[in-house]
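# Have a look at this prediction, sequence included:
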Amino acid sequence: MTKHPRTGKKHPARSALARDYDTPRRTVQLTLESLEIARGYDGVGRGKPEPVLLVAAYRTNGPAHASLVGRLLVRAELTCDMPCNLPLSEQEIRYDARFAVTERVLVLVLAVEEDSGKGVQSLYAACETPEQLSLYNASEPVPAPRGLDEWARDDCVAPAAPPVEVLLSTCTAEQLARSDDYISASAFSVSTQARSDEVWRLPFVSRNARNDWTLVLRMRVIA
């Protein structure tokens, strides 16, 4: 039997980054189902409110900083008396990728009662740059703003998503949307490694409580 001499060469070890991404591909599917309007107000003599939802999904807690993977701008036409439930034609964000084991998807939704539309435009553009966004839970007695990566590390349990305050590098989301009537924002995050299929309820209540809306959406993580 002929023996082949050992060459002494070793296969290079995989980098930590390569090992981190050695995971099955996942599909994240976010489907908007309905907008419940408990109360709505657009000013004296101005008729029914014009709800607008800005929905942004971010990939967080990976080797890179938070990044936008999809966004929607939804105008819900209110034609009936309140309270009411407005179907949203199951508009969706769908994103397919191989995620690092630490990664989570953060969903941020901002609600606006549209007047001029310029505030809506500004908020939609701001969603493109997650590095300038910070969040803190609206219920915090002492605000402690955190970037999207850090905020997304907290576990969220369906169906109730927490109301949040949104800060940008130079102002608040409410200040940025001042030419329209900013209502509020809600957010939640989910792991990318566990299969899930959950219905979430995101509340939006204006500071004067004259607008009280709830977005119902379904979040799926599919192997």
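Everything's here; your move.
# which ones are touching Cys156?
Contact partners of Cys156, counting by CB atoms under 8 Å, 6 or more residues apart in numbering, are Pro162, Phe188, Ser189, Val190. Glycine gets a C-beta too; all of them are placed from N, C-alpha and C.
# Could you verify that it is part of a helix?
No: assigned with DSSP: H, G, I helix; E, B strand; the rest coil, Cys156 falls outside any helix and is coil.
# Any chance of TSV for the contacts of Cys156, columns secondary structure, distance to Arg207 and neighbour count?
TSV is the format used below for the contacts of Cys156 (DSSP: H, G, I helix; E, B strand; the rest coil; distance: CB to CB, whole Å; neighbours: other CB atoms under 10 Å):
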residue	secondary structure	distance to Arg207	neighbour count
Pro162	coil	17	18
Phe188	strand	22	27
Ser189	strand	25	21
Val190	strand	29	22
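# how close does Pro162 sit to Pro83?
For Pro162, the distance to Pro83 equals 23 Å [CB to CB, to the nearest Å].
# Could you do Pro63 as well?
From Pro63 across to Pro83, the span is 46 Å (CB to CB).
# so where's this structure uncertain?
Applying pLDDT under 70 to the chain flags the ranges 1-22, 44-46.
# rerun that using 90 as the cut-off
1-24, 41-48, 63, 79, 89-90, 194, 223 (pLDDT under 90).
# to the chain's geometric centre, what's the distance from the top helix by length along the chain?
In the chain, with assignment by DSSP state H, the single longest helix is helix 118-126. How far helix 118-126 lies from its chain's middle: 16 Å, per CA atoms, centre = their mean, to the nearest Å.
# okay, the longest strand along the chain in PDB with CA atoms only?
Ranked by number of residues, the top strand in the chain under DSSP state E is strand 25-39. Provided in PDB are the C-alpha atoms of strand 25-39 (Å, rounded to 0.1, in the frame of the first residue of the first chain):
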ATOM      1  CA  ARG A  25     -32.800  31.400   4.400                       C
ATOM      2  CA  ARG A  26     -35.800  33.000   5.900                       C
ATOM      3  CA  THR A  27     -38.700  35.100   4.400                       C
ATOM      4  CA  VAL A  28     -40.100  37.900   6.400                       C
ATOM      5  CA  GLN A  29     -43.600  38.800   5.400                       C
ATOM      6  CA  LEU A  30     -45.400  41.800   6.800                       C
ATOM      7  CA  THR A  31     -49.100  42.100   5.800                       C
ATOM      8  CA  LEU A  32     -51.300  45.100   6.600                       C
ATOM      9  CA  GLU A  33     -54.900  43.900   7.300                       C
ATOM     10  CA  SER A  34     -57.000  46.700   8.600                       C
ATOM     11  CA  LEU A  35     -57.100  50.100  10.300                       C
ATOM     12  CA  GLU A  36     -59.600  50.500  13.200                       C
ATOM     13  CA  ILE A  37     -60.800  54.100  13.700                       C
ATOM     14  CA  ALA A  38     -62.300  54.500  17.200                       C
ATOM     15  CA  ARG A  39     -62.200  58.300  17.000                       C
END
